[in-house]
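Asker: next input, structure requested:
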Amino acid sequence: INLPQNLNFLKLRASYAEVGNGAPAYSFGNTYTPQPSYGTNPVFTTGSTISDPNLKNERTTAQEFGIDLRLFDNRLNFDFTYYQMNSFDQIISLPVAKSSGYDFTLTNGGEISNKGIEIATRYNWIQGDDITWTSQLNFGRNRAVVETLPEVITSGKYSIIADVFPGDEGGSDLELVAEEGKLLGQLYGLGFQRGPDGQIIHQNGLPLHTEEKVSAGSYQPDFRVGLLNSLSIKNFNFSVLIDGQVGGKIYSRSHALYTTAGTIVNDDDPNLPLTTMEGRTLYEVSYDNAGIPTYTLEQEGGVVGPGLMYGPNSNLIPNTVTVPAGGAGYTGYFYNYYGNGFNRDNIEAATYDATYFKLREVSIGYSLPKQTLSGWGIHSASLSVVGRNLLLASQVPSIDPETYSIRNGIFVNGFESTSIPTQRSVGLNLNLTF
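Answerer: As a prediction, the model looks like this:
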């Protein structure tokens, strides 16, 4: 094909695939496990999951279309991919009546679709013998949607993780949910009762919670992006990598715990413009000649939660009731706001926009001239200083939003609990080739 002068390479691609995913071993029939004998009698036990005679293997179809372009003497490379995957008859575990003698049954779980695009582009700004400068941009967007659920699930929602934090006893529990017609991975829990303008409604100075669980959104980001710049000047090289994501939700259990305990100031929560310092009771301490302390009250303490309350005529008016910030018996404002007392089943208070950008890596290096190495039997040698995770830009308080929880060996996106802070590192690399 005769291509235009500035178009050096053109490739169109398309593919279709269909694969299966087998059910776990022994899923198509009930099995028995031998146990130590009871006297002379053999003993066998069943598992906790009963088989489904109509169970089928999972099936996934995938289509992909793409284009690869190289232009302007290969200075600009552009790669675009669109894909769509549909998974049918996904194998999920559902609870059954205890009277059956089992806890769960495996069944087929409807359909989940994945659609997305991936873009990779690279441009050589400078191409010379002594200097080169290249930029590379990567962009990705994926939408995983629950198209259908099994017919036996009449509510339209399936709990992927029914209780994300089982240690928080009582309350309604926080859930990771697959909801029909919505993005996979909805964050569910109790929410706040709100007025027509979205402000939180209070009663006796404390926020009111919903009776039913609500969704705070999905953990799935709108897109992810990364930008790498590489510059070489003779034997010196310099590179900077910035990446991150836009959108998605994350629940920070750490921030809820830190704030209710009063261990942080809480001056960076975009959801609540109250600090833990505002509600503290302050005393001035003085000592008499005998050294006995005398306490003089300087600040009564207490906070007024931002939002509304019901007036004398059951109309909504600005909240004016002062309540303790903490207080015994988990009765203070911060306990009720972040944790609904000690239940910790409020999903809205500590769920944040998970958008973040990181200065992921900066590298400065030097390659020794080959003539310097010729007498040492070394083909090439380079020395570089590399810094990773140097800066984080995010509105999520207290934590790095690039995290997850683990529940029963399953990675749970969208939920965080007492995570270890991300480590910033600076290292020295020496590369030798013989």
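
Asker: low-confidence ranges, the chain, go.
Answerer: 26, 169-170, 327-330, 341, 375 (pLDDT under 70).

Asker: next, the nearest residue to Glu18 once chain neighbours are set aside: secondary structure please.
Answerer: Leaving aside its sequence neighbours, Glu18 sits nearest to Thr61 (CB to CB, 6 or more residues apart in numbering; 4.8 Å). Every C-beta, even on glycine, is put in place using the N, C-alpha and C of the backbone. Three-state assignment for Thr61 (DSSP: H, G, I helix; E, B strand; the rest coil): strand.

Asker: how near is Thr61 to Ile112?
Answerer: Going from Thr61 to Ile112 by CB to CB, to the nearest Å gives 12 Å.

Asker: what do the two both touch?
Answerer: Shared contacts of Thr61 and Ile112, defined by CB atoms under 8 Å, 6 or more residues apart in numbering, are found at Asn86.

Asker: more crowded one of those two?
Answerer: Shown here are Thr61 and Ile112; by other CB atoms under 10 Å, Ile112 has more neighbours (19 against 14).

Asker: assign the more buried one to helix, strand or coil.
Answerer: Ile112 ends up strand, using three-state DSSP.

Asker: how many residues are close by the nearest residue to it once chain neighbours are set aside?
Answerer: Nearest non-adjacent residue to Ile112, counting by CB to CB, 6+ apart: Ser87, 4.9 Å away. Other residues near Ser87 come to 20 when the count uses other CB under 10 Å.

Asker: same deal with Gly189?
Answerer: 27.

Asker: got the contact list for it?
Answerer: 172-175, 213-214, 216, 251, 345-348.

Asker: so Tyr335, which state does it fall into?
Answerer: The local conformation at Tyr335, judged by three-state DSSP, is helix.

Asker: wait, doesn't it sit right on Gly262?
Answerer: No. Tyr335 lies out of contact with Gly262 (CB atoms under 8 Å); the separation is 10.2 Å.

Asker: okay, and the common contacts of these two?
Answerer: Gly326.

Asker: and the two? which has more neighbours close in?
Answerer: Neighbours of Tyr335 and Gly262, each counted by other CB under 10 Å, are more numerous for Tyr335; the result is 24 against 16.

Asker: any idea how far that one lies from Gly279?
Answerer: Tyr335 sits 12 Å away from Gly279 when distances are taken as CB to CB.

Asker: what do those two both touch?
Answerer: Counting by CB under 8 Å, 6+ apart, the common neighbours of Tyr335 and Gly279 are Gly326.

Asker: go through the host helix or strand of Tyr82 and flag the buried ones.
Answerer: Per DSSP states H and E, Tyr82 falls inside strand 76-88. Neighbour-count burial for strand 76-88, counted by 16 or more other CB atoms under 10 Å, picks out 77, 79, 81, 83, 85-88.

Asker: can you tell me the strand partners of that strand and which way each runs?
Answerer: Here strand 76-88 is paired, per DSSP bridges, with strand 58-71 (antiparallel), strand 111-127 (antiparallel).

Asker: mind checking those for the one nearest to Val43?
Answerer: Closest approach to Val43 among the strands paired with strand 76-88 (CB to CB): strand 58-71, 34.5 Å.

Asker: which other residues reach that closest one?
Answerer: Contacts for strand 58-71 (CB under 8 Å, 6+ apart): 6-23, 76-91, 108.

Asker: one more pass at 7 Å, please.
Answerer: For strand 58-71, the external contacting residues (CB atoms under 7 Å, 6 or more residues apart in numbering) are 6-21, 77-91.

Asker: just the CA atoms of stretch 369-383, as PDB, please.
Answerer: Below are the C-alpha coordinates for stretch 369-383, written out as PDB (Å, rounded to 0.1, in the frame of the first residue of the first chain):
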ATOM      1  CA  PRO A 369      32.500   6.400  28.300                       C
ATOM      2  CA  LYS A 370      33.300   3.000  26.800                       C
ATOM      3  CA  GLN A 371      37.000   4.000  26.200                       C
ATOM      4  CA  THR A 372      37.300   4.400  30.000                       C
ATOM      5  CA  LEU A 373      36.100   0.900  30.500                       C
ATOM      6  CA  SER A 374      38.000  -0.900  27.800                       C
ATOM      7  CA  GLY A 375      40.900  -1.800  30.000                       C
ATOM      8  CA  TRP A 376      38.700  -3.300  32.700                       C
ATOM      9  CA  GLY A 377      36.900  -5.900  30.700                       C
ATOM     10  CA  ILE A 378      33.600  -4.100  31.200                       C
ATOM     11  CA  HIS A 379      31.300  -3.500  28.200                       C
ATOM     12  CA  SER A 380      29.200  -0.700  29.800                       C
ATOM     13  CA  ALA A 381      28.600   0.900  33.200                       C
ATOM     14  CA  SER A 382      26.100   3.300  34.500                       C
ATOM     15  CA  LEU A 383      25.300   4.900  37.800                       C
END
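
Asker: oh, and call the first residue 46 from now on, that's how I've got it
Answerer: All set: I'll call the first residue 46, so the last point we hit is now stretch 414-428.

Asker: in it, what counts as buried?
Answerer: Residues of stretch 414-428 classed as buried: 418, 426 (neighbour count, 16+ other CB under 10 Å).

Asker: can you list contacts of that stretch?
Answerer: For stretch 414-428, the external contacting residues (CB under 7 Å, 6+ apart) are 280, 410-413, 475-479.

Asker: show me what whichever helix or strand Ala301 is part of is packed up against.
Answerer: Counting by DSSP H and E, the element that carries Ala301 is helix 298-305. Counting contacts by 3 or more CB pairs under 7 Å, 6 or more residues apart in numbering; DSSP states H and E, helix 298-305 is packed against helix 378-384.

Asker: let's see 8 Å
Answerer: Under the contact criterion of 3 or more CB pairs under 8 Å, 6 or more residues apart in numbering; DSSP states H and E, helix 298-305 touches helix 378-384, strand 460-461.

Asker: alright, that wraps it up for me.
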